[in-house]
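In: one predicted model, sequence on top.
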Amino acid sequence: VHGDIIIMESKKALKILVTGNVKGNFTMLYETVSKIIAAKGKFDFLLCVGETLGANPDDIQSYIQGKTKAPIETFFIDCSEYIAPFMHTKRTGYEIAPNMHFLGRYGVKEIKNMKLAFLSGQDAFPHREIEHKLKEYETIYTESNFVQNDIENLLKECKDDNIDILLTCAWPYDVHKFVTGSTVQQDVYKTMSQKIKQLCNKMSPKYVFASGPNKYFNRVPYKNERGFLTRFVALSTVERKKEAKDDRYLYAIEITPMSQLSIQELTTITETEYTSNPFSELTDSISKVPEFDDCWFCYSNPKLERHLILFEYPLAYIAMPKGPIVQHHFLIIPKQHLASTIQCPEPLLKEFETLITNLVNYLQWMNEDYVLFERYIKTTKPNGMHLNLQLIGIPQKFSTTLKERFEHFASKRKVAVEDVSSKASLFSGLNSCVKNIDSEYFYIEFFDLKTAKGRTKSRILHISGKDDKGIAPQFGREFCCHLLDLGDRLDWRKCKMPNEDEEKLAIALRDNIMKAKIDFQFPNIL
C-alpha cells in the first residue's frame with residue numbers, strides 16, 4: 001500500500017492522492033495509482049508537488065498526443081527547470097494533456113468545494129530576511145523560482161478563503177520546531193523557505209504538502225493560529241524501487257472541505273498528539289523573558305541587523321559580528337533578552353551546545369581550532385547586557401600552548417583565573433562555580449592536548465570579586481588579537497565595513513558552511 005487513508009471525516013469527504021517529485025515519470029506513477037484505485041476504489045483526483053516535469057520528453061508525449069490518458073484527473077505544481085516557460089506564459093494554469101493540469105505560478109483553485117492554494121517554484125532567496133540589494137529580484141519572475149511578490153499576491157488572493165490544502169515545492173522554514181529528536185538534512189535545509197513559513201502561518205490550511213530531495217517526512221500535527229490542526233507531509237521521489245519508510249512518494253487522504261464543516265466541527269481536536277504552531281512568532285519555553293526594541297541583539301528589535309544572521313534556530317541564532325577579528329568569527333545569541341548563560345533555561349543551553357558543536361565541526365573541516373568565550377558584566381539598565389557567545393577560529397599550531405598563553409595574558413593584566421575543566425562547562429556546572437547570579441565573570445574554552453581518546457578541552461573561569469577593578473569589556477577580543485598578532489583589529493569600531501560588504505561576507509560564509517562535508521545539524525533541531 002503506497003498511501004494511508006488517515007482521516008475518515010464524513011460521507012462528504014473527498015478521496016485524494018498526493019505524490020512527490022514525479023520528474024517526468026508519469027507512466028510509472030500512473031501504473032502505481034491504477035493499482036491503488038483497483039484495491040481501494042475511486043479517488044477524486046491526484047495532486048503532484050515538487051519537480052513534476054522531467055528530462056525525458058517521450059514519457060509525457062504519449063499523454064500530450066492523446067495516445068495515453070491519465071487514469072485520474074491530475075493537478076500539479078512544479079519547480080523543475082522545465083516549468084520555467086510556463087511560470088511566465090501560463091501563470092494562471094494550463095492543461096498540458098487530457099486530465100493533466102498545471103495549476104499555475106500561484107493562486108487558489110476550487111475543486112469540488114475544496115479550496116486549494118498553490119505555489120510553484122523554489123524560493124529565489126530561501127533564507128534571506130532582509131531586502132536584497134537588487135530589489136527588482138523580489139518582483140520580477142526569475143526562471144522557475146518564486147519571489148516575495150508572488151507571496152504577497154497569493155495572500156491577497158486567499159485572504160477571505162478557508163484554505164483546505166496548500167501545495168508548495170519547498171519545505172517551510174522551522175517546520176521541525178517542537179518535534180522531539182527531529183533534525184534537518186543539509187540538502188533539505190538549503191531549500192527551506194521563510195516565505196512559505198509565512199504562508200503556512202497566515203493561511204492556516206488543514207494540510208500542507210511539499211516535496212524535497214528524496215525525503216519523506218510526516219510531521220506531528222500542529223495547532224494553527226485559528227485553533228484547529230494542520231498536517232504537514234513532505235513526499236519523496238517517484239521511483240521504480242519498493243518504497244522504504246523514509247522515501248515514500250505517494251500519500252492518500254480523505255478530507256471534508258472546510259466550507260462544509262461548522263466551526264465546532266472544525267476546531268474540535270480528538271488527537272492526543274500534536275504540537276504548538278512552529279511558525280508562530282510567539283516562542284515557547286522562554287516566552288515570558290522580556291525583550292527590548294532598543295537592544296542590539298534582541299530578535300524582536302526591528303533595527304536588528306539581520307543581514308549579519310547566518311543561521312536561525314528556534315531559540316537562538318548564529319551571526320557574524322560587526323568588525324570581525326578574522327573571517328571565522330561567530331556570535332551565538334539567544335533571541336530573547338538574557339544576560340548570561342547561568343540565567344538560561346535548559347532548552348536554550350542544549351541548543352547552544354548543538355550550535356557550538358556545529359561550528360567547531362566546521363572549523364575542524366577547515367583545519368582550524370577554536371576559542372570560545374563569554375563575558376558577563378552587570379549593568380544598571382535592564383536592557384544593558386544581552387548574552388553573546390563569541391567563537392573564533394584559530395590556527396591549530398597554537399593549541400598545544402594555548403592554555404599557557406592565556407594564563408600568561410591574564411596574569412600580566414592581573415586577572416585571576418581558575419581552571420574549571422574537571423567540574424564545569426558552559427552547559428553544566430557553571431552555575432555552581434558562579435554562585436551569585438549577579439557576579440561578573442569571564443569564561444573561555446579551547447582545545448588543548450591530543451590524547452588517545454581524542455582532543456581535551458581547557459575551560460578557564462574568572463569571577464570578579466568585590467575589590468576587583470573589573471575585567472575589561474573587550475578582554476576576550478584583546479586576547480585573540482594578541483594571540484593572532486592582529487593589533488589593528490583590537491577595536492571593532494575601527495574594523496566595521498559598509499553593510500553591503502558585510503552582507504556579501506555573511507552570504508559567502510553561510511554558503512561555505514553549507515557546502516562543507518561535515519556533520520552540521522541545521523536549524524529546527526528541537
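Out: Right, received. Where do you want to start?

In: what's the following helix or strand after the lowest-mean-pLDDT helix or strand in the chain?
Out: Least confident helix or strand of the chain, by mean pLDDT, DSSP states H and E, is helix 186-189 with a mean of 67. Using DSSP states H and E, the next helix or strand after helix 186-189 towards the C-terminus is helix 194-203.

In: name the helices or strands packed onto that following helix?
Out: strand 114-119, strand 122-123, helix 148-157, strand 165-168 (3 or more Cβ pairs under 8 Å, 6 or more residues apart in numbering; DSSP states H and E). C-beta coordinates here come from the backbone N, C-alpha and C atoms, glycine included.

In: among these, which is nearest Y94?
Out: Closest approach to Y94 among the helices and strands packed on helix 194-203 is made by strand 114-119 (13.3 Å; Cβ to Cβ).

In: how about residues contacting the closest one?
Out: If you take Cβ atoms under 8 Å, 6 or more residues apart in numbering as the criterion, strand 114-119 is touched by 14, 47, 75, 77, 103-110, 146, 150-151, 154, 158, 161-169, 196, 199, 203, 205, 255, 257-259.

In: can you point out the buried residues in it?
Out: Buried residues in strand 114-119, counted by 16 or more other Cβ atoms under 10 Å: M114, K115, L116, A117, F118, L119.

In: cool, and stretch 28-37?
Out: Result for stretch 28-37 [16+ other Cβ under 10 Å]: buried residues L29, Y30, T32, V33, I36, I37.

In: pretty sure I60 sits in a strand.
Out: No - the assignment for I60, made by DSSP: H, G, I helix; E, B strand; the rest coil, is helix rather than a strand.

In: which pLDDT value belongs to G107?
Out: Listed pLDDT for G107 reads 95.

In: hang on, I meant S439
Out: Looking at S439, the pLDDT reads 82.

In: find the nearest non-adjacent residue to it, please.
Out: I463 (5.5 Å; Cβ to Cβ, 6 or more residues apart in numbering).

In: you'd agree V220 is up against S276?
Out: No - taking contacts as Cβ atoms under 8 Å, V220 lies outside contact range of S276: 10.7 Å.

In: give me the mean pLDDT for stretch 114-127.
Out: 85.

In: ok now that stretch, how far from the chain's centre?
Out: Centroid separation for stretch 114-127 versus its chain: 16 Å, with Cα atoms, centre = their mean, to the nearest Å.

In: now do stretch 345-357
Out: For stretch 345-357, the distance to the chain centre is 16 Å (Cα atoms, centre = their mean).

In: what's the mean pLDDT across that stretch?
Out: Here the average pLDDT along stretch 345-357 is 87.

In: what's the answer for stretch 38-51, then?
Out: In the prediction, stretch 38-51 has an average pLDDT of 96.

In: how about stretch 168-179?
Out: 87.

In: which positions within it qualify as buried?
Out: Neighbour-count burial for stretch 168-179 [16+ other Cβ under 10 Å]: T168, C169, A170, W171, P172, Y173, D174, V175, H176, K177, F178, V179.

In: which ones are touching the fourth one?
Out: Under the criterion of Cβ under 8 Å, 6+ apart, the contact partners of W171 comprise V188, T191, M192, S193, I196, A210, G212, F217, A234.

In: same check on the first one?
Out: Taking Cβ under 8 Å, 6+ apart as the criterion, T168 is in contact with V49, I77, F118, L119, S193, I196, L199, V208, F209, A210.

In: ok, now with 10 Å
Out: Going by Cβ atoms under 10 Å, 6 or more residues apart in numbering, T168 touches 49-50, 77, 79, 106, 117-123, 146, 193, 195-196, 199-200, 208-211, 234.

In: following the longest helix along the chain, which helix or strand comes up?
Out: Longest helix of the chain, by residue count under DSSP state H: helix 346-365. From helix 346-365 onward toward the C-terminus, using DSSP H and E, the following helix or strand is strand 368-376.

In: so what's the gap between that next one and the chain middle?
Out: For strand 368-376, the distance to the chain centre is 25 Å (Cα atoms, centre = their mean).

In: ok, back up a step: if any of the contacts of strand 114-119 are buried, put those into a ChimeraX selection.
Out: In ChimeraX, the members of the contacts of strand 114-119 classed as buried (16+ other Cβ under 10 Å) are selected with the following command:
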select :14,47,75,77,103,104,105,106,107,108,109,146,150,151,154,158,162,163,164,165,166,167,168,169,196,199,203,205,255,257,258
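
In: what packs against the one helix or strand H482 maps to?
Out: Element membership for H482 (DSSP H and E) is helix 475-483. Packing partners of helix 475-483 (3 or more Cβ pairs under 10 Å, 6 or more residues apart in numbering; DSSP states H and E): strand 368-376, strand 389-395, helix 402-412, strand 441-451.

In: what would the ones you listed look like in CSV with distance to Y251?
Out: Below are the helices and strands packed on helix 475-483 laid out as CSV (distance: least, Cβ to Cβ, whole Å):
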stretch, distance to Y251
strand 368-376, 44
strand 389-395, 42
helix 402-412, 53
strand 441-451, 47
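
In: could I get the ones you listed as JSON lines with distance to K517 and mean neighbour count?
Out: Output for these, formatted as JSON lines (distance: least, Cβ to Cβ, whole Å; neighbours: other Cβ atoms under 10 Å):
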{"stretch": "strand 368-376", "distance to K517": "16", "mean neighbour count": "21"}
{"stretch": "strand 389-395", "distance to K517": "17", "mean neighbour count": "21"}
{"stretch": "helix 402-412", "distance to K517": "27", "mean neighbour count": "15"}
{"stretch": "strand 441-451", "distance to K517": "21", "mean neighbour count": "19"}
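
In: alright, I will stop here.
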